[in-house]
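Novice: quick one: sequence plus predicted model below, questions after.
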Protein chains: 2
Amino acid sequence: MKTAEQDPTKDAERPVGTRERIVRAASLLMQRQGYDGTGIKQISTEAGATLGSVYHFFPGGKQQLAVAAIGHGEREFADELRLTLDGAADPAQAMIDCAHRLAEGLRESDWIEGCPVTSTALGTAGRAPDIQEAAAAAFANWRDLVYARLRRAEIADDDARDLAHTVISTLEGAELAAQVSRSERPLLTAGRHLAQLIDLYGPTTDS
Amino acid sequence: MKTAEQDPTKDAERPVGTRERIVRAASLLMQRQGYDGTGIKQISTEAGATLGSVYHFFPGGKQQLAVAAIGHGEREFADELRLTLDGAADPAQAMIDCAHRLAEGLRESDWIEGCPVTSTALGTAGRAPDIQEAAAAAFANWRDLVYARLRRAEIADDDARDLAHTVISTLEGAELAAQVSRSERPLLTAGRHLAQLIDLYGPTTDS
DNA sequence: CTCCCGCTAGAACGAACGCTCTATCCAGTG
DNA sequence: CACTGGATAGAGCGTTCGTTCTAGCGGGAG
């Protein structure tokens, strides 16, 4: 009742509800300019909506909108991450592929669209617990995807859990370094090193 | 003429010039709240200075102040990084020590004082080239410190360069993940993994 | 002494902020 | 038909923003 109804065909672009357009615009703008750097009026303008609509769908104001935007960014990246993890022959190769994808997206946006969660979550550190929780949940979800992939490759449970932490941390940090230095190198290097690290824990363990 | 003159004794706390106080306040506040989340009036209040003083020392306004703040944060962390790198027996152990130190600082600040450069640089991605350059320079300096330490441990030049990239990326990302999830685990895990990774390239190379 | 200048001090400006409020529109229901 | 309630629309609230500007301070130089 809330969304579909008309056509669950592939991914129709056109009939996107107002609420969804607002969330998308918020996610994109906050990804680029951060939480404080993005105004609600700018979001409504970019979304083709009006201020009244924004506050109708998000009576909780900017904070609630930011939580929804983080959730949207989380889902977007999770889909791509899942695809990349499943598309590779082994987790090590998946890391390299993942780094490549991130580098590509970053370069194509002229180095302004980094992690959609990071820029929104930073700067609201102590102020907005809701936003912090949403960001933490996003990281945890991504980590779980990596963990599951590592487990499927016969990596021990404890090792897989630890590796998943480092994989997300490193990819996140490398994307940040790449964005700041406007270079793909941090990401590509990180991808190779993560692959090496994972191979250390591969099924060839015999100890 | 600009600073010292009176006493180059250790690190006297009291007679700190107005300009220095402004830079310190700006660095701390932007570290916590980001660039857009920090107002110049708040900085001047926190520094015990007035608006006039801020614009006297930084006629370039908020952007120039942010560049100086990033430089200050860069120097602060570089000092600590140098100390940690030199204090460890080998680079691998240094990574573990470094992660511990970062985790400690983050926990003690109740998870609000992350990387002083990241929060300032993010959100000004496309808008302020000066700030971006300062942030990129900070990362490069830190990387050089790690690179030099790796070289001293007889690691091949190309390997050391690549490893230095990943070390900074991973520490940066792990600090971010730790801050968001309010847990030391991402940092501690990253430290151990970085140590393992470095050991792969240790002086035991025979190829 | 007088002059000067680096520095301090804060009032004031226009613009933009998050948010509230009322008014209007329109499909669905009796 | 009238009525209703979700959705749209935007003027306007008080506040804060970054910046500008003028006035005053205090100590060394002539």
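Specialist: Looks like it came in fine.
Novice: show me where chain A has helices.
Specialist: Using DSSP state H, the helices found in chain A span residues A:18-33, A:40-47, A:51-57, A:61-87, A:91-108, A:118-121, A:129-152, A:157-181, A:185-200.
Novice: and the ones you listed: which comes nearest DNA strand D?
Specialist: helix A:51-57 (2.1 Å; Cβ to the nearest atom of the strand). C-beta coordinates here come from the backbone N, C-alpha and C atoms, glycine included.
Novice: could you give me the buried positions within that closest one?
Specialist: A:53-55, A:57 (16 or more other Cβ atoms under 10 Å in any protein chain shown).
Novice: same question, stretch A:66-82
Specialist: Applying 16+ other Cβ under 10 Å to stretch A:66-82 flags A:66-74, A:77, A:81 as buried.
Novice: the residues you listed: which ones sit near DNA strand C?
Specialist: When contact is defined as Cβ under 7 Å from any atom of the strand, the buried residues of stretch A:66-82 do not meet DNA strand C at all.
Novice: dump those to CSV, plus pLDDT and distance to B:Gly114.
Specialist: Formatted as CSV, the buried residues of stretch A:66-82 follow (pLDDT from 0 to 100; distance: Cβ to Cβ, whole Å):
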residue, pLDDT, distance to B:Gly114
A:Ala66, 97, 18
A:Val67, 97, 20
A:Ala68, 96, 24
A:Ala69, 97, 21
A:Ile70, 97, 17
A:Gly71, 97, 22
A:His72, 97, 24
A:Gly73, 97, 19
A:Glu74, 97, 20
A:Phe77, 97, 21
A:Leu81, 97, 24
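Novice: quick one: which of these is nearest A:Glu175?
Specialist: Checking those against A:Glu175 with Cβ to Cβ, the nearest one is A:Phe77 at 10.5 Å.
Novice: how close does the closest one sit to A:Arg152?
Specialist: 20 Å (Cβ to Cβ, to the nearest Å).
Novice: A:Thr118 too?
Specialist: Per Cβ to Cβ, A:Thr118 is found 28 Å from A:Arg152.
Novice: these two: who's more crowded?
Specialist: A:Thr118 (27 against 13; other Cβ atoms under 10 Å in any protein chain shown).
Novice: ok, that one - contacts?
Specialist: A:135, A:172, A:176, B:122, B:176 (Cβ atoms under 8 Å, 6 or more residues apart in numbering or on different chains).
Novice: which two among those residues are spaced furthest apart?
Specialist: Farthest pair in those (Cβ to Cβ) is A:Ala135 and A:Leu176. Separation: 14.3 Å.
Novice: looking at the helices of chain A, which is buried most?
Specialist: helix A:118-121 (a mean of 28; mean count of other Cβ atoms under 10 Å in any protein chain shown).
Novice: anything in that helix near DNA strand C?
Specialist: No - judged by Cβ under 7 Å from any atom of the strand, helix A:118-121 and DNA strand C are separated, with a smallest distance of 12.3 Å.
Novice: quick one: closest of the helices of chain A to B:Glu104.
Specialist: Per Cβ to Cβ, nearest to B:Glu104 of the helices of chain A: helix A:157-181, 17.3 Å.
Novice: quick one, the closest one and helix A:129-152 angle?
Specialist: For helix A:157-181 and helix A:129-152, the angle between their directions (axes from the mean of the first three to the mean of the last three Cα atoms, to 10 degrees) works out to 120 degrees.
Novice: and helix A:157-181, how far out from the chain middle?
Specialist: In terms of Cα atoms, centre = their mean, to the nearest Å, the centre of helix A:157-181 is found 12 Å from the chain centre.
Novice: same check, this time on stretch A:68-83
Specialist: Counting by Cα atoms, centre = their mean, stretch A:68-83 comes out at 5 Å from the chain centroid.
Novice: output that stretch in PDB with nothing but the alpha carbons.
Specialist: Provided in PDB are the C-alpha atoms of stretch A:68-83 (Å, rounded to 0.1, in the frame of the first residue of the first chain):
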ATOM      1  CA  ALA A  68      16.400   7.600   6.700                       C
ATOM      2  CA  ALA A  69      19.200   8.900   4.400                       C
ATOM      3  CA  ILE A  70      21.700   6.700   6.100                       C
ATOM      4  CA  GLY A  71      19.400   3.700   5.800                       C
ATOM      5  CA  HIS A  72      19.100   4.400   2.100                       C
ATOM      6  CA  GLY A  73      22.800   4.700   1.600                       C
ATOM      7  CA  GLU A  74      23.400   1.600   3.600                       C
ATOM      8  CA  ARG A  75      21.000  -0.400   1.400                       C
ATOM      9  CA  GLU A  76      22.500   0.900  -1.800                       C
ATOM     10  CA  PHE A  77      26.100   0.000  -0.800                       C
ATOM     11  CA  ALA A  78      25.000  -3.400   0.700                       C
ATOM     12  CA  ASP A  79      23.500  -4.300  -2.700                       C
ATOM     13  CA  GLU A  80      26.600  -3.500  -4.500                       C
ATOM     14  CA  LEU A  81      28.800  -5.200  -1.900                       C
ATOM     15  CA  ARG A  82      26.700  -8.400  -2.000                       C
ATOM     16  CA  LEU A  83      27.000  -8.400  -5.800                       C
END
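Novice: now do it: everything it contacts.
Specialist: By Cβ under 8 Å, 6+ apart, stretch A:68-83 touches A:23-24, A:26-27, A:30-31, A:58, A:98, A:101, A:115-117, A:120-121, A:131, A:134-135, A:137-138, A:141-142, A:145-146.
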